[in-house]
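S.K.: Return atomic coordinates for the entry below.
(one chain, ligands or ions: 1)
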Amino acid sequence: MLAEQRRLLCDYGRRAAALGLVVGTAGNLSVRSGDLVAVTPSGVSLERLEPESCPVVDVDGRLVEGDLQPSSETPMHLAVYTATGASAVVHTHSTFGTVVATTMAELPPVHYTALLLGGTVRVAEYATYGTPELAAAVRAALKDRRAALLANHGGVTIGHDLDSAFEATRLLEWLCEVYVRAKGVGEPRVLTEEQLAAVVQRALHPPVFPRRED
Ligand SMILES: [Zn+2]
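M.R.: Predicted structure coming up:
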């Protein structure tokens, strides 16, 4: 069941561990296919994941296949799927994301690529891991965004597939690192609404380079 999705969970789980985005058994990923969700198991280090150890649950959180329990953050993943059109969710405890999530109410856009995540990244109010309260806070923080930070906890990103959700996690961590390092040098300049709108216009109308005729 969901063999391809479970294989992808392992590939990206191992990449997340190799890149240092998670430590120990922290972090969890999931992929949705119709009414079913393949998710990483509870208590297993992402660097040691195997496809057959990844449980499959339905969107109501009932175990459909697998010997291991689904990740304790599965309620958060399911809440995100219910509230968004996402097909994949990645949650990590990456260092700079957690630094920002521990000190700030939001990550302001200091670099134009923040637009790829929807602009300012909100920090969801703190709640105990695995609880419906945390799931609700994350769902609210993700409104019209592809990323959210979880106060004193980590970050979560969504995508139309696991690759896009994973790349959003890497971008979120990079943006947080830039912000934190910039803060060490001076007060980071935040891009204005006008500057961000100009970026959107530029992306909509890329330059066309004429071909040389000779
Ligand atoms: Zn977590």
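S.K.: Distance of residue 118 relative to residue 64?
M.R.: 32 Å (CB to CB, to the nearest Å). Placement of C-beta: from N, CA and C, glycine included.
S.K.: So if I had to pick from those two, which one is more boxed in?
M.R.: Using other CB atoms under 10 Å, the more surrounded residue of residue 118 and residue 64 is residue 118, with 17 against 14.
S.K.: Contacts only, for the more buried one.
M.R.: 144, 145, 146, 147 (CB atoms under 8 Å, 6 or more residues apart in numbering).
S.K.: swap the cut-off to 6 Å and go again
M.R.: Contacts here follow CB atoms under 6 Å, 6 or more residues apart in numbering; on that basis residue 118 touches 144, 145, 146.
S.K.: Correct me if wrong: the last one contacts residue 169.
M.R.: Okay, so that is residue 146. No. Counting by CB atoms under 6 Å, residue 169 is not a contact partner of residue 146; they are 9.9 Å apart.
S.K.: Could you name every residue contacting both of those two?
M.R.: residue 157.
S.K.: ok, these two, which is more surrounded?
M.R.: Between residue 146 and residue 169, counted using other CB under 10 Å, residue 169 has the larger neighbour count: 31 against 23.
S.K.: Return the alpha-carbon coordinates of stretch 198-214 using PDB.
M.R.: Presented in PDB, the C-alpha positions along stretch 198-214 are these (Å, rounded to 0.1, in the frame of the first residue of the first chain):
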ATOM      1  CA  ALA A 198       8.000  44.400  -7.500                       C
ATOM      2  CA  VAL A 199       9.600  41.000  -7.100                       C
ATOM      3  CA  VAL A 200       6.200  39.400  -7.900                       C
ATOM      4  CA  GLN A 201       6.000  41.500 -11.100                       C
ATOM      5  CA  ARG A 202       9.500  40.600 -12.100                       C
ATOM      6  CA  ALA A 203       8.800  36.900 -11.700                       C
ATOM      7  CA  LEU A 204       5.600  37.300 -13.800                       C
ATOM      8  CA  HIS A 205       7.400  39.000 -16.600                       C
ATOM      9  CA  PRO A 206      10.900  37.500 -16.900                       C
ATOM     10  CA  PRO A 207      13.300  39.100 -19.500                       C
ATOM     11  CA  VAL A 208      13.400  37.500 -22.900                       C
ATOM     12  CA  PHE A 209      16.900  37.500 -24.400                       C
ATOM     13  CA  PRO A 210      16.900  37.800 -28.200                       C
ATOM     14  CA  ARG A 211      18.900  35.200 -30.100                       C
ATOM     15  CA  ARG A 212      21.900  36.500 -32.000                       C
ATOM     16  CA  GLU A 213      21.500  35.900 -35.800                       C
ATOM     17  CA  ASP A 214      24.800  35.000 -37.500                       C
END
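S.K.: Enumerate the beta-bridge partners assigned to the most centrally placed residue in the chain.
M.R.: When CA atoms, centre = their mean is applied to the chain, the residue found nearest the centroid is residue 157 (1.8 Å). Here residue 157 sits in beta bridges with residue 90, residue 147, going by DSSP bridges.
S.K.: From residue 181, how far off is it?
M.R.: Remark: distance between residue 157 and residue 181 (CB to CB) = 21 Å.
S.K.: Likewise for residue 193?
M.R.: 25 Å.
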